[in-house]
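[1] Sequence and predicted model, in that order:
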Amino acid sequence: MLKWIEMAIGTVLLCVIAWVGYRLAFSKVELDVYRDRLAGLSSEYESLLSMYNQAVRKTAVTELIVKDGRVSLAIRTIDGVDRVIDTPFDPSLEIYCDYVLLNGRLWIRRVYDSHTPPNKGLVIDDTLEHVDWNDPAARYGNAVYRSLGEGRWIVTVTGDGSLGLVKTDAKADVVLSGPPPVRDYDQLDKQINEAMADVTCGDVLKRIFKLDN
């Protein structure tokens, strides 16, 4: 009986030692695998960097001007002509700027406040008053909103369609863009996630026994 107990204890100790050894090897190999994966990723670095820059670059698309308790909008049309449009809305309420992604570009559609139903808002472009959502070219709508104080507020958009709304200096030089392109950046996320995926036991064993050479 005692002999079996000793054998059991010995087996447990061997398993513990093997596990500790594996974890030590795993930690070292994990770093090596990450290094190799990043090295492989670096060959595509330039294209990824370009995609990333396009995705995060902010483009000013609309300027909101609040003066004497009234809100007006400065926008740029597709033909490059700037317009300033007065609105009846109270900037102390939440002011919504509503956009639609159509034909791969983001268009300003309407403006309204928190006391106004969207379908009663001020339509900026009559052609967008009624969107045919059955048209494959019509992707989705998006809006940004907040209450506004006196001064200038700029609506920005990034390459993936994320909207921002920030106050800017009264004398800041802001160049507004016409309807900017919006793209999908799933490939960027996929490549980065694949490159940094968890190291598997198979990766460790291949390195230990040099099976990947």
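    Great, that's in hand. Numbers count the residues shown, from 1 in each chain.
[2] How far does stretch 87-95 stretch from one end to the other?
    11 Å (CA to CA, to the nearest Å).
[3] quick one, what contacts residue 113?
    With contact set as CB atoms under 8 Å, 6 or more residues apart in numbering, residue 113 has these partners: 89-90, 93-96. Bear in mind the C-beta positions are built from the backbone N, C-alpha and C, glycine included.
[4] between those residues, which is closest to residue 13?
    Comparing the contacts of residue 113 against residue 13 with CB to CB picks out residue 94 as the nearest, at 67.2 Å.
[5] That closest one and residue 145 touch, don't they?
    Yes: look at residue 94 against residue 145 with CB atoms under 8 Å: they come within range, at 5.0 Å.
[6] Name the residues contacting each of those two.
    Residues touching both residue 94 and residue 145 by CB under 8 Å, 6+ apart: residue 114.
[7] need the strands for this structure, in chain order.
    59-67, 70-76, 82-86, 94-102, 105-113, 122-123, 138-147, 151-157, 163-168 (DSSP state E).
[8] how many other residues sit next to residue 92?
    For residue 92, the neighbour count with other CB atoms under 10 Å is 12.
[9] In terms of mean pLDDT, which of the strands of the chain ranks lowest?
    Lowest mean pLDDT within the strands of the chain: strand 82-86, a mean of 87.
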